[in-house]
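> Requesting a structural model of the entry that follows:
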Amino acid sequence: MDRLAFEQKPSSLSEPPASSYDDRTLYDVEHCALDLTVVPDSSKVRGKVAIAIKAFGSLDVVVLDAADPPLMHVQNAISKSGQASVEIWGLQQIGVRLARALAAGERDTVTVWYSATPQKVDETEFFSVHGAGNDPAVASISEPTNAHMWWPCKDVLGDKATGEMSITAPSVLVAASNGLRLSVTDNGNGTTTTRWRTSYPMTTYNFSFALSNYVEWNDPYHSSVTGYDFPIQNLAFPEDSVLARVDFSGALQAMRDFEDLFGPYPFATDSLGIEKYGHAEVTWDSAQENQTMTSYGDYFIDGQGTYTYIVAHELAHQWFGNSISPADWKDIWLNEGFASYSEALFLERQSGLTRYFHHMRYVHRVPASLERGSVYDPDFLFDRIMVYSKGAWVLHMLRGVLRAEYDAASGDQRFFSLLKEYATQDAFRYGSLTTVDFVAFAEETLGRNLDWYFGPWLYGTTHPNLHYSWSTPSSGKVLLHLIQTQTGPDYPHGSPFADKPDVFAMPWEVRLYGAANESTVVYVNQDHRAQDFTLNASFPVSHIAIDPDAWVLRELIPDPSPVATLLGAVWPNASGSRATVNYAVAPGRKADVFLYDVQGRVLKQLVEGDDRPGWHVAEWDGRDATGRRAAKGIYFVRLTDGHSEATTKLILVSSP
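Numbering: from 1, shown residues only. Model prediction:
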């Protein structure tokens, strides 16, 4: 039956039925069983997949994603309910027409026979070779939506299923996959069939296998959290096996740390069984966190543990990405931001906060010149800056916010409790969530509204360019002026929150130092683009440091104490119905600031006789001196101190 079905010719292209085409929401996938034959010499995969489904409504055609010919040939299909027919639609989809329509709640299993010639994704090869002998190295590549390039499937997020995989290949090769290895059978014809199965729901892109002439070993792991024993199963190319023993061994400590931080390893439970974790070496310069078996690029293997943080990154995905998966690719930071931040937590556990800060500052640095788009719904799905690094900073800064609100110990306790409760929620594990779901959970757990924080940082662009200046009008007193001069945050995809702040409202740590190295720490909460603060110390202050440990993703720009009266930035200057005017007063001078219309008439005086030396802020509410709304258009701000004057343009684009 299998052989005859495989040799049948695919049906001719047909038009998809309007009621079924691209509608994969009519059924739920419950289990996928792949039976593969991998032929490295021909770069082909052939076999069958049985997909157990449950209908949500009336269902007569099961829509599957499948690469178009010649990359994939679908030969035949059957279902439990009877013979099915395959409709090859093109556009990388097929329809499997059932023998009879299913009613809502009914189950069926559709089995499809096919052959595929998977292509490389970007620069990552599916079929490759390694070593001096050019030995085969085969590894599936599926994220984000490339699973259908090597097996017919429902290639979407949000529909998880248990799975099993039988891999038949030349006997000299070892096959790795998800879950537990059930058996290895010598077929007596130079091939071996290896069976793997997982009892844990898995998103489509996590179904995976790797195949090569691996050297295999286990690092036994005992969980002090659950008492379970399970292996970290490692497979490496022979030429790298000695080096990989050093590099892969970091997973033991990372597993201990993450079980402590995030709760028990998600794929070892009483209810669903104890499965392994592992690494399979591949010929990539990247790694892929396939559920319970990471494909780990040979680029990262050097025998010195240089990339142990990458080992930790991929392991962290078992909690963040595999156990809890994003409901939409717009939410990819829930995978990569969390895993990137976990690198820093792992290094902190090994070497302390100094190493943690170094990793965030330098490995996950977000240069202003390269920043683009937003963390949520990024312009490029796997943007290393926006998704991985800025996503990690969103968590790092939330930790800093809590430390500022309470103290270091209490803030950390609340932050790490949040991470653990998120990772271990029964309602979340083995499911799919959105960014809004995570924000709502954080707000509920921490007991406060966090729109002001998550709105700009997740849905907005840029980060603060913080200008600061300070003066000491008397011993032990500091006048501090802060202004954020960045453009934005703008919201390219909107925001789920009613308020869209045009400023990053953040607590700033300010350290005040004396000449004898005495110091004290105060916090100021900036919730307007420009603000003044009065700080007190018990000693004469000689210098200050703002956010010295870099808890905030920012650019710090010191503004020198003014020697002349200056008109600084006007914000916003092209949007909004309010403006903030930044100005500086020289010692011994008095500043006046006026607003003029284009005819040169004074609309309103914003500042009168300010003789305070240093930088200050004035705000215009979009109304004239009588309280009437000003019309949209061009206005001018003019500053004078009796000795000099300066003028700048302001554009009001909406009336208050």
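
> Only C-alpha atoms from now on, for both contacts and neighbour counts.
OK.

> which residues of the stretch 451-600 of the chain fall in helices?
Per DSSP state H, counting those that start in this stretch, the stretch 451-600 of the chain carries helices over the ranges 451-454.

> remind me which residues of it are low pLDDT?
When residues are selected by pLDDT under 70, those of the stretch 451-600 of the chain lie in 561, 563, 569, 571-578.

> how about 80 then?
Counting by pLDDT under 80, the stretch 451-600 of the chain shows low-confidence ranges at 560-580.

> Now do the strands in it.
465-474, 477-484, 506-514, 519-526, 530-536, 541-546, 555-558, 566-571, 579-585, 591-596 (DSSP state E, counting those that start in this stretch).

> The stretch 251-400 of the chain too?
For the stretch 251-400 of the chain, applying DSSP E, counting those that start in this stretch gives strands covering 268-269, 273-274, 277-282, 287-288, 294-297, 324-326.

> nearest residue to Glu555 other than its sequence neighbours?
Nearest residue to Glu555, sequence neighbours excluded (CA to CA, 6 or more residues apart in numbering): Asn465, at 4.7 Å.

> Pretty sure the one you found sits against Leu556.
Yes - between Asn465 and Leu556 a contact is recorded at 6.2 Å, counting by CA atoms under 8 Å.

> who has more neighbours, the two?
With neighbours defined as other CA atoms under 10 Å, Asn465 and Leu556 compare such that Asn465 has more, 18 against 14.

> State the distance from the more buried one to Pro367.
11 Å (CA to CA, to the nearest Å).

> For the residue nearest to Glu555, give me its contacts.
Neighbouring residues of Asn465 by CA atoms under 8 Å, 6 or more residues apart in numbering: Gln484, Thr485, Gln486, Arg554, Glu555, Leu556, Ile557.

> and with 6 Å instead?
With contact taken as CA atoms under 6 Å, 6 or more residues apart in numbering, Asn465 is in contact with Gln484, Thr485, Gln486, Arg554, Glu555.

> how about low-confidence regions in the chain?
Ranges of the chain meeting pLDDT under 80: 1-23, 123, 369, 560-580, 613-615, 617, 653-656.

> Just want the most central residue of it.
Trp333 (1.6 Å; CA atoms, centre = their mean).

> Who's the closest spatial neighbour of that one, skipping the chain neighbours?
Closest residue in space to Trp333, ignoring its immediate chain neighbours: Val387 at 5.2 Å, by CA to CA, 6+ apart.

> Burial check on the one you found, number of neighbours?
Val387, neighbours per other CA under 10 Å, totals 30.

> what does Arg349 give?
Residues lying near Arg349 (other CA under 10 Å) number 15.

> Setting aside sequence neighbours, what's the nearest residue to it?
Closest to Arg349 by CA to CA, 6+ apart is Asp257, at 7.2 Å.

> One more: Thr534?
The shortest distance from Thr534 to any non-neighbouring residue, by CA to CA, 6+ apart, is to Leu479 (4.8 Å).

> what's near enough to touch the one you found?
Neighbouring residues of Leu479 by CA under 6 Å, 6+ apart: Trp470, Ser471, Phe533, Thr534.

> Select only the buried ones of those residues in ChimeraX?
Applying 16 or more other CA atoms under 10 Å to the contacts of Leu479 leaves a buried subset, and the ChimeraX line that selects it is:
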select :470,471
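
> re the thing from before, may I see the strands of the stretch 251-400 of the chain organised as a markdown table, with mean neighbour count and distance to Glu518 added?
A markdown table is the format used below for those (neighbours: other CA atoms under 10 Å; distance: least, CA to CA, whole Å):
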| stretch | mean neighbour count | distance to Glu518 |
| --- | --- | --- |
| strand 268-269 | 16 | 52 |
| strand 273-274 | 16 | 55 |
| strand 277-282 | 29 | 50 |
| strand 287-288 | 22 | 48 |
| strand 294-297 | 26 | 49 |
| strand 324-326 | 26 | 47 |
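
> Partner strands of the helix or strand in which Ile651 is found, with direction?
Secondary structure from DSSP states H and E places Ile651 in strand 645-652. Strand pairing for strand 645-652, determined by DSSP bridges: strand 633-640 (antiparallel).

> Hey, what's the angle from the strand it pairs with to strand 591-596? Just curious.
If you take axes from the mean of the first three to the mean of the last three CA atoms, to 10 degrees, strand 633-640 sits at 160 degrees to strand 591-596.

> Contacts for strand 633-640, please.
Contact with strand 633-640 is made by 591-598, 645-652, as judged by CA under 6 Å, 6+ apart.

> out of those, which are buried?
Burial by neighbour count, 16+ other CA under 10 Å: within the contacts of strand 633-640 this picks out Ala591, Asp592, Val593, Phe594, Leu595, Tyr596, Asp597, Thr647, Lys649, Leu650, Ile651, Leu652.

> Hmm, Leu603 and the fifth one touching each other?
The reference is to Leu595. Yes - under the criterion of CA atoms under 6 Å, Leu595 makes contact with Leu603 at 5.4 Å.
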